[in-house]
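Visitor: Okay, structure incoming, though there's no sequence with it:
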(Lines give C-alpha, C1' and ligand atoms only; values in the text may rest on other atoms or scores of the structure.)
Protein backbone atom coordinates (compact mmCIF):
# COMPACT_ATOMS: atom_id res chain seq x y z
CA UNK A 1 0.00 0.00 0.00
CA UNK A 2 2.77 2.45 0.79
CA UNK A 3 4.47 1.73 -2.48
CA UNK A 4 1.32 2.45 -4.45
CA UNK A 5 0.70 5.79 -2.69
CA UNK A 6 4.23 7.00 -3.27
CA UNK A 7 4.10 6.23 -6.94
CA UNK A 8 0.77 8.11 -7.83
CA UNK A 9 2.10 11.80 -8.15
CA UNK A 10 4.64 11.01 -10.79
CA UNK A 11 2.32 11.62 -13.85
CA UNK A 12 1.41 15.12 -12.57
CA UNK A 13 5.04 16.11 -12.19
CA UNK A 14 5.78 14.95 -15.67
CA UNK A 15 2.90 17.03 -17.07
CA UNK A 16 4.13 20.12 -15.17
CA UNK A 17 7.58 19.67 -16.52
CA UNK A 18 6.26 19.45 -20.04
CA UNK A 19 4.13 22.72 -19.56
CA UNK A 20 7.10 24.76 -18.41
CA UNK A 21 9.45 23.37 -20.91
CA UNK A 22 11.95 25.56 -22.72
CA UNK A 23 10.08 25.22 -25.96
CA UNK A 24 6.86 26.48 -24.44
CA UNK A 25 8.57 29.38 -22.70
CA UNK A 26 10.22 30.49 -25.92
CA UNK A 27 6.89 30.38 -27.73
CA UNK A 28 5.26 32.44 -24.99
CA UNK A 29 8.02 35.05 -25.16
CA UNK A 30 7.66 35.29 -28.94
CA UNK A 31 3.89 35.80 -28.65
CA UNK A 32 4.35 38.48 -25.99
CA UNK A 33 6.95 40.22 -28.11
CA UNK A 34 4.70 40.24 -31.14
CA UNK A 35 1.80 41.56 -29.05
CA UNK A 36 4.01 44.33 -27.66
CA UNK A 37 5.16 45.33 -31.12
CA UNK A 38 1.56 45.41 -32.37
CA UNK A 39 0.44 47.49 -29.39
CA UNK A 40 3.34 49.92 -29.97
CA UNK A 41 2.43 50.44 -33.60
CA UNK A 42 -1.26 50.90 -32.79
CA UNK A 43 -0.36 53.45 -30.07
CA UNK A 44 1.93 55.35 -32.43
CA UNK A 45 -0.76 55.49 -35.09
CA UNK A 46 -3.38 56.78 -32.64
CA UNK A 47 -1.14 59.54 -31.23
CA UNK A 48 0.81 60.53 -34.31
CA UNK A 49 0.42 64.29 -35.27
CA UNK A 50 -1.96 64.44 -38.21
CA UNK A 51 -0.14 67.18 -40.11
CA UNK A 52 -1.20 65.94 -43.46
CA UNK A 53 -4.86 65.59 -42.36
CA UNK A 54 -4.96 69.10 -40.85
CA UNK A 55 -3.50 70.60 -43.98
CA UNK A 56 -6.07 68.82 -46.06
CA UNK A 57 -8.95 70.13 -43.80
CA UNK A 58 -8.08 73.89 -43.94
CA UNK A 59 -11.32 75.66 -44.89
CA UNK A 60 -11.40 77.93 -47.93
CA UNK A 61 -13.61 81.00 -47.34
CA UNK A 62 -14.59 83.91 -49.59
CA UNK A 63 -13.49 87.28 -48.24
CA UNK A 64 -14.25 90.92 -48.99
CA UNK A 65 -12.61 94.21 -48.21
CA UNK A 66 -13.90 96.71 -45.65
CA UNK A 67 -14.83 99.82 -47.64
CA UNK A 68 -15.33 103.45 -46.62
CA UNK A 69 -18.46 105.23 -47.86
CA UNK A 70 -20.60 108.23 -47.00
CA UNK A 71 -24.00 107.05 -45.88
CA UNK A 72 -26.84 108.35 -48.05
CA UNK A 73 -30.09 106.59 -48.69
CA UNK A 74 -33.85 107.27 -48.80
CA UNK A 75 -36.21 105.55 -46.40
CA UNK A 76 -39.96 105.49 -46.95
CA UNK A 77 -41.82 106.93 -43.96
CA UNK A 78 -45.58 107.39 -43.53
CA UNK A 79 -46.40 111.09 -43.64
CA UNK A 80 -49.34 113.23 -42.58
CA UNK A 81 -50.47 116.26 -44.59
CA UNK A 82 -51.97 119.16 -42.64
CA UNK A 83 -53.03 122.67 -43.55
CA UNK A 84 -50.50 125.32 -42.59
CA UNK A 85 -53.22 127.13 -40.62
CA UNK A 86 -56.49 125.54 -39.54
CA UNK A 87 -59.02 127.48 -37.43
CA UNK A 88 -62.64 127.20 -36.39
CA UNK A 89 -64.41 130.55 -36.79
CA UNK A 90 -66.30 131.77 -33.69
CA UNK A 91 -67.70 135.23 -32.91
CA UNK A 92 -66.27 137.18 -30.00
CA UNK A 93 -69.73 138.08 -28.67
CA UNK A 94 -73.04 136.21 -28.66
CA UNK A 95 -75.67 137.20 -31.20
CA UNK A 96 -77.69 136.21 -34.25
CA UNK A 97 -76.21 135.75 -37.72
CA UNK A 98 -77.62 138.47 -39.95
CA UNK A 99 -75.52 137.67 -43.02
CA UNK A 100 -73.00 135.00 -43.95
CA UNK A 101 -71.00 135.39 -47.13
CA UNK A 102 -69.06 132.12 -47.31
CA UNK A 103 -69.87 128.47 -47.79
CA UNK A 104 -67.97 125.21 -48.18
CA UNK A 105 -65.42 125.70 -50.96
CA UNK A 106 -65.24 129.51 -50.72
CA UNK A 107 -61.83 131.12 -51.14
CA UNK A 108 -61.34 134.18 -48.93
CA UNK A 109 -58.68 136.83 -48.47
CA UNK A 110 -57.39 138.15 -45.18
CA UNK A 111 -59.76 140.78 -43.75
CA UNK A 112 -62.63 139.85 -46.08
CA UNK A 113 -66.02 139.97 -44.24
CA UNK A 114 -67.30 136.47 -43.66
CA UNK A 115 -70.17 136.94 -41.20
CA UNK A 116 -72.25 139.87 -39.92
CA UNK A 117 -74.19 139.56 -36.70
CA UNK A 118 -77.05 141.31 -34.95
CA UNK A 119 -77.08 141.68 -31.14
CA UNK A 120 -80.20 143.51 -29.77
CA UNK A 121 -78.89 143.57 -26.21
CA UNK A 122 -75.71 145.19 -27.38
CA UNK A 123 -77.63 147.86 -29.31
CA UNK A 124 -79.67 148.71 -26.19
CA UNK A 125 -76.53 148.96 -24.08
CA UNK A 126 -74.86 151.07 -26.71
CA UNK A 127 -77.84 153.45 -26.87
CA UNK A 128 -77.79 153.69 -23.10
CA UNK A 129 -74.09 154.47 -23.20
CA UNK A 130 -74.61 157.16 -25.83
CA UNK A 131 -77.35 158.78 -23.68
CA UNK A 132 -75.12 158.78 -20.61
CA UNK A 133 -72.29 160.40 -22.53
CA UNK A 134 -74.63 163.08 -23.93
CA UNK A 135 -76.04 163.83 -20.46
CA UNK A 136 -72.56 164.05 -19.00
CA UNK A 137 -71.53 166.46 -21.75
CA UNK A 138 -74.59 168.66 -21.08
CA UNK A 139 -73.91 168.71 -17.36
CA UNK A 140 -70.28 169.58 -18.00
CA UNK A 141 -71.29 172.42 -20.29
CA UNK A 142 -73.69 173.83 -17.64
CA UNK A 143 -71.02 173.65 -14.97
CA UNK A 144 -68.48 175.30 -17.25
CA UNK A 145 -71.01 178.08 -17.92
CA UNK A 146 -71.49 178.62 -14.19
CA UNK A 147 -67.75 178.69 -13.75
CA UNK A 148 -67.48 181.35 -16.45
CA UNK A 149 -70.18 183.45 -14.73
CA UNK A 150 -68.39 183.22 -11.40
CA UNK A 151 -65.09 184.13 -13.00
CA UNK A 152 -66.73 187.18 -14.66
CA UNK A 153 -68.32 188.21 -11.37
CA UNK A 154 -64.96 187.81 -9.64
CA UNK A 155 -63.39 190.17 -12.16
CA UNK A 156 -66.13 192.72 -11.48
CA UNK A 157 -65.60 192.43 -7.73
CA UNK A 158 -61.87 192.89 -8.17
CA UNK A 159 -62.53 196.02 -10.30
CA UNK A 160 -64.85 197.47 -7.62
CA UNK A 161 -62.22 196.69 -4.99
CA UNK A 162 -59.56 198.49 -6.98
CA UNK A 163 -61.87 201.52 -7.51
CA UNK A 164 -62.83 201.79 -3.84
CA UNK A 165 -59.22 201.40 -2.79
CA UNK A 166 -58.21 204.26 -5.08
CA UNK A 167 -61.03 206.51 -3.76
CA UNK A 168 -60.14 205.63 -0.18
CA UNK A 169 -56.50 206.63 -0.77
CA UNK A 170 -57.50 210.00 -2.16
CA UNK A 171 -60.02 210.65 0.67
CA UNK A 172 -57.52 209.63 3.29
CA UNK A 173 -54.86 211.93 1.79
CA UNK A 174 -57.30 214.87 1.69
CA UNK A 175 -58.38 214.22 5.28
CA UNK A 176 -54.91 215.04 6.44
CA UNK A 177 -55.70 218.73 5.68
CA UNK A 178 -57.98 219.96 8.45
CA UNK A 179 -61.49 220.92 7.38
CA UNK A 180 -61.32 219.41 3.86
CA UNK A 181 -62.84 215.92 4.45
CA UNK A 182 -64.92 214.84 7.39
CA UNK A 183 -63.58 211.95 9.46
CA UNK A 184 -66.86 210.03 8.95
CA UNK A 185 -66.27 209.87 5.18
CA UNK A 186 -62.84 208.37 5.67
CA UNK A 187 -64.29 205.64 7.91
CA UNK A 188 -67.08 204.82 5.42
CA UNK A 189 -64.64 204.44 2.50
CA UNK A 190 -62.39 202.24 4.62
CA UNK A 191 -65.35 199.98 5.43
CA UNK A 192 -66.35 199.87 1.73
CA UNK A 193 -62.86 198.72 0.77
CA UNK A 194 -62.96 195.99 3.43
CA UNK A 195 -66.38 194.83 2.23
CA UNK A 196 -65.12 194.70 -1.38
CA UNK A 197 -62.10 192.66 -0.29
CA UNK A 198 -64.35 190.12 1.46
CA UNK A 199 -66.53 189.85 -1.64
CA UNK A 200 -63.46 189.18 -3.80
CA UNK A 201 -62.27 186.44 -1.39
CA UNK A 202 -65.72 184.86 -1.37
CA UNK A 203 -65.94 184.77 -5.16
CA UNK A 204 -62.44 183.39 -5.44
CA UNK A 205 -63.45 180.48 -3.20
CA UNK A 206 -66.60 179.92 -5.24
CA UNK A 207 -64.61 179.99 -8.50
CA UNK A 208 -62.09 177.47 -7.13
CA UNK A 209 -64.85 175.16 -5.95
CA UNK A 210 -66.64 175.36 -9.27
CA UNK A 211 -63.38 174.77 -11.17
CA UNK A 212 -62.78 171.62 -9.10
CA UNK A 213 -66.32 170.46 -9.83
CA UNK A 214 -65.83 171.07 -13.54
CA UNK A 215 -62.59 169.06 -13.40
CA UNK A 216 -64.43 166.16 -11.77
CA UNK A 217 -67.16 166.35 -14.41
CA UNK A 218 -64.51 166.18 -17.14
CA UNK A 219 -62.98 163.06 -15.60
CA UNK A 220 -66.41 161.42 -15.39
CA UNK A 221 -67.09 162.32 -19.00
CA UNK A 222 -63.70 160.93 -20.09
CA UNK A 223 -64.46 157.65 -18.32
CA UNK A 224 -67.88 157.46 -19.99
CA UNK A 225 -66.36 158.19 -23.39
CA UNK A 226 -63.78 155.39 -22.90
CA UNK A 227 -66.54 153.02 -21.87
CA UNK A 228 -68.52 154.01 -24.94
CA UNK A 229 -65.44 153.53 -27.12
CA UNK A 230 -65.20 150.01 -25.70
CA UNK A 231 -68.77 149.55 -26.82
CA UNK A 232 -67.72 150.86 -30.22
CA UNK A 233 -64.93 148.25 -30.32
CA UNK A 234 -67.49 145.74 -29.19
CA UNK A 235 -69.55 146.70 -32.23
CA UNK A 236 -66.68 145.68 -34.49
CA UNK A 237 -66.95 142.17 -33.02
CA UNK A 238 -70.31 141.82 -34.74
CA UNK A 239 -68.44 141.66 -38.06
CA UNK A 240 -66.29 138.52 -38.44
CA UNK A 241 -63.48 138.94 -41.02
CA UNK A 242 -61.20 136.23 -42.42
CA UNK A 243 -58.04 135.96 -40.28
CA UNK A 244 -55.88 134.85 -43.25
CA UNK A 245 -56.05 133.86 -46.89
CA UNK A 246 -57.69 130.48 -46.93
CA UNK A 247 -60.25 127.97 -48.08
CA UNK A 248 -63.56 127.33 -46.29
CA UNK A 249 -63.82 123.57 -45.74
CA UNK A 250 -66.91 123.45 -43.48
CA UNK A 251 -69.97 125.57 -42.76
CA UNK A 252 -72.16 124.65 -39.80
CA UNK A 253 -74.34 127.73 -39.17
CA UNK A 254 -76.81 129.74 -41.26
CA UNK A 255 -78.62 133.09 -41.22
CA UNK A 256 -80.68 133.46 -38.05
CA UNK A 257 -78.55 131.03 -36.04
CA UNK A 258 -77.61 132.13 -32.53
CA UNK A 259 -73.87 131.85 -32.02
CA UNK A 260 -71.44 132.69 -29.28
CA UNK A 261 -67.79 132.58 -28.30
CA UNK A 262 -67.91 129.51 -26.04
CA UNK A 263 -67.70 126.92 -28.79
CA UNK A 264 -69.53 124.27 -26.77
CA UNK A 265 -73.10 123.16 -26.44
CA UNK A 266 -75.36 125.66 -28.18
CA UNK A 267 -72.38 127.56 -29.60
CA UNK A 268 -70.75 125.47 -32.37
CA UNK A 269 -68.32 127.14 -34.78
CA UNK A 270 -69.75 129.08 -37.69
CA UNK A 271 -67.32 127.59 -40.23
CA UNK A 272 -63.82 126.21 -40.65
CA UNK A 273 -61.03 127.96 -42.53
CA UNK A 274 -57.80 126.34 -43.70
CA UNK A 275 -54.74 127.71 -45.42
CA UNK A 276 -53.93 125.12 -48.06
CA UNK A 277 -51.71 127.07 -50.44
CA UNK A 278 -48.98 126.20 -47.93
CA UNK A 279 -49.03 122.76 -46.27
CA UNK A 280 -47.32 121.05 -43.36
CA UNK A 281 -45.97 117.55 -44.10
CA UNK A 282 -45.34 115.77 -40.79
CA UNK A 283 -42.92 112.84 -40.92
CA UNK A 284 -42.04 110.59 -37.93
CA UNK A 285 -38.25 110.30 -38.20
CA UNK A 286 -36.79 107.24 -36.39
CA UNK A 287 -34.45 107.79 -33.49
CA UNK A 288 -31.42 106.46 -35.38
CA UNK A 289 -31.92 109.12 -38.08
CA UNK A 290 -32.77 112.04 -35.77
CA UNK A 291 -29.18 113.32 -35.67
CA UNK A 292 -29.07 113.68 -39.47
CA UNK A 293 -32.01 116.11 -39.81
CA UNK A 294 -30.86 119.32 -41.52
CA UNK A 295 -32.98 122.47 -41.58
CA UNK A 296 -33.81 123.63 -45.10
CA UNK A 297 -32.93 120.34 -46.80
CA UNK A 298 -35.28 119.17 -49.60
CA UNK A 299 -37.34 116.02 -49.03
CA UNK A 300 -39.49 114.20 -51.59
CA UNK A 301 -42.92 112.70 -50.98
CA UNK A 302 -45.71 111.09 -52.99
CA UNK A 303 -49.50 110.92 -52.70
CA UNK A 304 -51.83 108.25 -54.07
CA UNK A 305 -53.77 110.83 -56.13
CA UNK A 306 -50.75 111.35 -58.40
CA UNK A 307 -49.09 107.94 -58.94
CA UNK A 308 -45.48 108.12 -59.97
CA UNK A 309 -45.14 111.85 -59.28
CA UNK A 310 -42.86 113.14 -56.56
CA UNK A 311 -43.38 116.44 -54.76
CA UNK A 312 -40.66 118.28 -52.89
CA UNK A 313 -40.96 119.87 -49.46
CA UNK A 314 -38.42 121.65 -47.28
CA UNK A 315 -37.53 120.82 -43.67
CA UNK A 316 -38.93 123.77 -41.71
CA UNK A 317 -39.57 122.67 -38.12
CA UNK A 318 -37.94 120.06 -35.88
CA UNK A 319 -39.65 118.87 -32.71
CA UNK A 320 -36.37 118.03 -30.89
CA UNK A 321 -38.42 115.62 -28.78
CA UNK A 322 -38.96 111.89 -29.29
CA UNK A 323 -42.24 110.08 -28.78
CA UNK A 324 -41.71 107.55 -26.00
CA UNK A 325 -44.03 104.97 -27.57
CA UNK A 326 -42.74 105.00 -31.16
CA UNK A 327 -39.21 106.37 -30.55
CA UNK A 328 -39.67 108.79 -33.44
CA UNK A 329 -39.28 112.55 -33.73
CA UNK A 330 -41.90 114.60 -35.64
CA UNK A 331 -40.34 116.76 -38.35
CA UNK A 332 -42.40 119.22 -40.42
CA UNK A 333 -41.85 120.09 -44.05
CA UNK A 334 -43.23 123.17 -45.80
CA UNK A 335 -44.77 122.56 -49.20
CA UNK A 336 -46.00 125.36 -51.46
CA UNK A 337 -49.35 124.30 -52.95
CA UNK A 338 -50.72 127.25 -54.97
CA UNK A 339 -52.85 125.10 -57.29
CA UNK A 340 -54.34 123.03 -54.42
CA UNK A 341 -53.21 119.71 -55.95
CA UNK A 342 -52.21 118.22 -52.61
CA UNK A 343 -54.91 118.43 -49.95
CA UNK A 344 -54.84 118.20 -46.15
CA UNK A 345 -55.66 114.77 -44.83
CA UNK A 346 -54.10 112.88 -47.75
CA UNK A 347 -51.89 109.91 -46.95
CA UNK A 348 -48.37 110.33 -48.26
CA UNK A 349 -45.07 108.49 -48.37
CA UNK A 350 -42.05 110.55 -47.40
CA UNK A 351 -38.72 109.55 -48.94
CA UNK A 352 -36.60 110.57 -46.00
CA UNK A 353 -32.90 111.10 -46.84
CA UNK A 354 -30.56 109.51 -44.33
CA UNK A 355 -27.03 110.86 -44.51
CA UNK A 356 -23.91 111.26 -42.40
CA UNK A 357 -21.58 114.23 -42.55
CA UNK A 358 -18.48 111.97 -42.60
CA UNK A 359 -17.56 108.65 -44.19
CA UNK A 360 -17.94 105.38 -42.28
CA UNK A 361 -16.97 101.73 -42.82
CA UNK A 362 -19.23 99.21 -44.58
CA UNK A 363 -19.22 95.43 -44.94
CA UNK A 364 -21.77 93.00 -46.46
CA UNK A 365 -24.74 92.30 -44.20
CA UNK A 366 -23.80 88.61 -44.21
CA UNK A 367 -20.38 89.42 -42.75
CA UNK A 368 -21.81 90.49 -39.40
CA UNK A 369 -22.57 87.75 -36.89
CA UNK A 370 -25.04 88.59 -34.11
CA UNK A 371 -25.29 86.38 -31.04
CA UNK A 372 -26.92 86.98 -27.66
CA UNK A 373 -23.45 87.71 -26.24
CA UNK A 374 -21.63 89.49 -29.03
CA UNK A 375 -21.80 91.08 -32.47
CA UNK A 376 -18.66 90.58 -34.53
CA UNK A 377 -17.07 90.13 -37.95
CA UNK A 378 -14.47 87.52 -38.88
CA UNK A 379 -11.38 89.43 -39.92
CA UNK A 380 -8.73 87.38 -41.72
CA UNK A 381 -5.10 88.36 -41.23
CA UNK A 382 -2.21 86.11 -42.25
CA UNK A 383 -4.73 83.29 -42.89
CA UNK A 384 -5.88 83.47 -39.24
CA UNK A 385 -9.49 84.26 -38.26
CA UNK A 386 -9.95 87.00 -35.67
CA UNK A 387 -13.31 87.89 -34.17
CA UNK A 388 -13.62 91.69 -34.06
CA UNK A 389 -16.48 93.11 -32.00
CA UNK A 390 -18.45 95.75 -33.88
CA UNK A 391 -21.55 97.85 -33.53
CA UNK A 392 -24.03 97.85 -36.40
CA UNK A 393 -25.22 101.08 -38.03
CA UNK A 394 -27.36 101.86 -41.06
CA UNK A 395 -27.89 99.69 -44.16
CA UNK A 396 -27.13 101.02 -47.64
CA UNK A 397 -27.02 99.13 -50.97
CA UNK A 398 -26.91 95.69 -49.37
CA UNK A 399 -24.10 96.69 -46.99
CA UNK A 400 -24.17 97.67 -43.35
CA UNK A 401 -22.25 100.23 -41.36
CA UNK A 402 -19.92 98.84 -38.72
CA UNK A 403 -18.10 100.63 -35.93
CA UNK A 404 -15.24 98.93 -34.17
CA UNK A 405 -11.55 98.08 -34.36
CA UNK A 406 -11.53 98.00 -38.16
CA UNK A 407 -10.02 100.11 -40.87
CA UNK A 408 -10.56 100.56 -44.58
CA UNK A 409 -9.03 97.72 -46.58
CA UNK A 410 -9.24 95.06 -43.87
CA UNK A 411 -10.23 91.60 -45.10
CA UNK A 412 -13.30 89.99 -43.54
CA UNK A 413 -15.24 86.81 -44.28
CA UNK A 414 -18.05 87.43 -46.72
CA UNK A 415 -20.29 85.16 -44.68
CA UNK A 416 -19.44 85.36 -41.01
CA UNK A 417 -20.27 82.39 -38.81
CA UNK A 418 -19.61 81.06 -35.33
CA UNK A 419 -18.24 77.95 -37.06
CA UNK A 420 -15.21 79.99 -38.03
CA UNK A 421 -13.44 79.59 -34.71
CA UNK A 422 -11.44 82.49 -33.41
CA UNK A 423 -7.70 82.08 -34.16
CA UNK A 424 -8.40 79.18 -36.55
CA UNK A 425 -6.46 78.84 -39.82
CA UNK A 426 -8.31 79.30 -43.10
CA UNK A 427 -7.56 79.80 -46.74
CA UNK A 428 -9.02 83.19 -47.84
CA UNK A 429 -9.98 83.85 -51.43
CA UNK A 430 -11.56 86.87 -53.04
CA UNK A 431 -15.36 86.73 -53.13
CA UNK A 432 -15.28 87.32 -56.89
CA UNK A 433 -13.44 83.97 -57.34
CA UNK A 434 -15.21 81.97 -54.66
CA UNK A 435 -14.59 78.24 -55.09
CA UNK A 436 -17.57 75.93 -54.94
CA UNK A 437 -15.93 73.11 -52.96
CA UNK A 438 -15.04 73.04 -49.27
CA UNK A 439 -16.18 76.66 -48.59
CA UNK A 440 -18.43 78.17 -46.00
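Guide: Received it, and whenever you're ready, just let me know what you need. Keep in mind it's a predicted model, so treat the numbers as computed, not measured.
Visitor: How many residues are close by the residue lying closest to residue 347 once chain neighbours are set aside?
Guide: Counting by Cβ to Cβ, 6 or more residues apart in numbering, residue 304 is the residue found nearest to residue 347 once chain neighbours are left out, at 6.5 Å. Any C-beta I mention is one placed from the backbone N, CA and C, and that applies to glycine too. Here the count is done by other Cβ atoms under 10 Å, and residue 304 has 9 residues near it.
Visitor: pretty sure residue 304 contacts residue 342?
Guide: No - counting by Cβ atoms under 8 Å, no contact exists between residue 304 and residue 342, whose distance comes to 11.0 Å.
Visitor: Poorly predicted segments of the stretch 301-440 of the chain, please.
Guide: When the per-residue scores of the stretch 301-440 of the chain are filtered using pLDDT under 70, the ranges that remain are 432-440.
Visitor: show me where it has strands.
Guide: In chain order, the stretch 301-440 of the chain shows strands spanning 311-318, 328-336, 347-355, 360-364, 368-370, 375-381, 384-396, 399-404, 411-413, 426-430, with DSSP state E, counting those that start in this stretch as the criterion.
Visitor: got CSV for these, with distance to residue 147 too?
Guide: Putting those into CSV (distance: least, Cβ to Cβ, whole Å) gives the following:
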stretch, distance to residue 147
strand 311-318, 65
strand 328-336, 66
strand 347-355, 76
strand 360-364, 91
strand 368-370, 99
strand 375-381, 98
strand 384-396, 88
strand 399-404, 92
strand 411-413, 105
strand 426-430, 113
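Visitor: can you tell which of those strands is closest to residue 184?
Guide: Closest approach to residue 184 among those is made by strand 311-318 (103.0 Å; Cβ to Cβ).
Visitor: now for that closest one, which elements pack on it?
Guide: Applying 3 or more Cβ pairs under 8 Å, 6 or more residues apart in numbering; DSSP states H and E, we find strand 311-318 packed against strand 298-303, strand 328-336.
Visitor: picking that back up, looking at the strands of the stretch 301-440 of the chain, which is buried most?
Guide: Using mean count of other Cβ atoms under 10 Å, the stretch among the strands of the stretch 301-440 of the chain with the largest mean neighbour count is strand 411-413, at a mean of 22.
Visitor: Determine the set of other helices and strands touching that strand.
Guide: Taking 3+ Cβ pairs under 8 Å, 6+ apart as contact, the helices and strands that strand 411-413 lies on are strand 59-65, strand 375-381.
Visitor: low pLDDT regions in the stretch 51-200 of the chain?
Guide: Counting by pLDDT under 70, the stretch 51-200 of the chain has low-confidence residues at 51-56, 180.
Visitor: Now do the strands in it.
Guide: Assigned by DSSP E, counting those that start in this stretch, the strands in the stretch 51-200 of the chain fall at 59-65, 67-69, 72-89, 95-100, 107-108, 113-118.
Visitor: these two touch, right, residue 72 and residue 358?
Guide: No - using Cβ under 8 Å, residue 72 is not in contact with residue 358; the gap is 12.0 Å.
Visitor: So which of the two has more stuff around it?
Guide: Set side by side, residue 72 and residue 358 give different neighbour counts by other Cβ under 10 Å, the larger being at residue 72 (13 against 7).
Visitor: Near residue 280, how many other residues are there?
Guide: Taking other Cβ under 10 Å as the criterion, the count of residues near residue 280 is 20.
Visitor: ok, and the closest non-adjacent residue to it?
Guide: Take residue 280 and drop its neighbours on the chain: the residue closest to it by Cβ to Cβ, 6+ apart is residue 82, 4.5 Å away.
Visitor: so how far is residue 347 from the one you found?
Guide: Residue 82 sits 12 Å away from residue 347, taking Cβ to Cβ, to the nearest Å as the criterion.
Visitor: sorry, back to before: for residue 413, which of the strands of the stretch 51-200 of the chain is the nearest?
Guide: When the strands of the stretch 51-200 of the chain are compared by Cβ to Cβ, strand 59-65 sits nearest residue 413, at 5.2 Å.
Visitor: now for the closest one, which elements pack on it?
Guide: Secondary-structure packing of strand 59-65 (3+ Cβ pairs under 8 Å, 6+ apart): strand 411-413, strand 426-430.
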